[in-house]
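Visitor: Provided below are the primary sequence and the corresponding predicted coordinates.
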Amino acid sequence: MLSEKYKPNNLKEIVGQTDFILKTIDWLKKWKPGKALLIYGPTGTGKTLVIKLIAKEMKMSLFELNASDDRSASSIKEKLLPAAKEGSLFNKRLILIDEADSFGQSDRGGIAEVIKAIKESVNPIILIASDAYDAKLKSLRGYCELLKVRRTPKNLIEKKLIEISSKEKMKIDSEAIKRIAENADGDMRSAMNDLIFSSESVYRDKEKNIFEVLNIIFRSKDLRKTLQAIDRSGKDLDELFWWIEQNIPLEYQNKELITQALDILSKADVFRSSITKNQNYRFNKYMKDMMASISLLENPQKRFMLYRPPGRFITLGSTKVSRKEAEEFYKSLGLKCSMKKMREQAPFLKIILGKKFMGF
């Protein structure tokens, strides 16, 4: 993976995060007991890597608590508290708690122990999260200074990709690189990995229509090819989700395969719900990976399949005119409230206006 091969070895090699680096170093120099630093922002911006490199360049020993570690109250009390309380004149320590917003039900009481560690620590504690305002972190935020990490600017991503493609002797045009930088949405790590696909002339060089994409998802048995097809489709993941859901019963003749495919899609739906409810777009990747994994099912289907659009899209299409009329009617009332609020009040307006009402 290019993201590993070109992983920065020092702070000077970090692209587009100078402000974040300087503020973190300044916080460490001014640190006083009783307060932690909560760094948050989108994935692929180098949050964890920057902290590790800062610790290295400031000659601090690093104690890490990762998402894969046991983060129950008892485990934190046993591991984190001793590390927080141990001090040395000769060996400065930095404590890093990664993915702080991923504390789950099994980690009950863990955050309370983290707060206790912050209060009693003789070493600076830095926490990393995607969303500092996650409900789980509410009690923790009062003990932290917040530092938001911005997305890496696309022009800097593009510059880095040009540099890498030159070193790797890749045959790739500037427009393709520009497209990758734009689609990366500030995620440098993702952009580097997408560059591999582009160099093989299989990355978003043209859009695939939805029927081709569905055929690949259901029949390719190749996860990487499926992910590439999804990327090249130009389809919103939410829209693609409903296309897959509509066509699973058509594609698979075997009840067991239908069950397996729907089970996989239900897991993708968990991530889709998190994106919708919490605006947590880091789950886009997991949602896409889960939908693509349907391609690994043993599907014996060979015959041509004419896939159907989702029923909800057909309904929206057939009611487009009536919905437009209703919207115009709401506007004509001149009430100062949102369309959503107006639709909620529609049943009451129907009672009040009687036959004059045309919006319900």
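Guide: Now that the structure is in, tell me what you want to look at.

Visitor: quick one: L223 from N284, how far?
Guide: 17 Å (CB to CB, to the nearest Å). C-beta here means a position set from N, CA and C on the backbone, and glycine is covered the same way.

Visitor: surely A73 touches K116?
Guide: No - if you go by CB atoms under 8 Å, A73 and K116 don't touch, sitting 9.6 Å apart.

Visitor: ok, now which ones touch I216?
Guide: 208, 225-226, 229, 295 (CB atoms under 8 Å, 6 or more residues apart in numbering).

Visitor: now do the SS call for it.
Guide: What DSSP: H, G, I helix; E, B strand; the rest coil gives for I216 is helix.

Visitor: look up how far S273 lies from it.
Guide: For I216, the distance to S273 - CB to CB - is 25 Å.

Visitor: so what's V122 closest to, chain neighbours aside?
Guide: Nearest residue to V122, sequence neighbours excluded (CB to CB, 6 or more residues apart in numbering): G87, at 4.0 Å.

Visitor: what of A191?
Guide: A184 (3.7 Å).

Visitor: hmm, that neighbour is touching L195, no?
Guide: No - between A184 and L195 there is no contact under CB under 8 Å: 9.8 Å.

Visitor: looking at these two, which one has more neighbours?
Guide: Just comparing A184 and L195: by other CB atoms under 10 Å the higher neighbour count belongs to L195, 27 against 23.

Visitor: average pLDDT for the helix or strand containing the more buried one?
Guide: Using DSSP states H and E, the element containing L195 is helix 188-199. The average pLDDT within helix 188-199 is 76.

Visitor: swap in stretch 31-51?
Guide: pLDDT averaged over stretch 31-51 gives 91.

Visitor: number the residues from 627 up from this point.
Guide: OK, 627 is where the count begins now, so the last one is stretch 657-677.

Visitor: buried residues in it?
Guide: Of the residues in stretch 657-677, those with enough neighbours to count as buried (16 or more other CB atoms under 10 Å) are 657, 661-677.

Visitor: got it, and stretch 711-720?
Guide: Buried, per 16+ other CB under 10 Å, within stretch 711-720: 719-720.

Visitor: what's the answer for stretch 838-854, then?
Guide: By 16+ other CB under 10 Å, the buried positions in stretch 838-854 come out as 839-846, 851-854.
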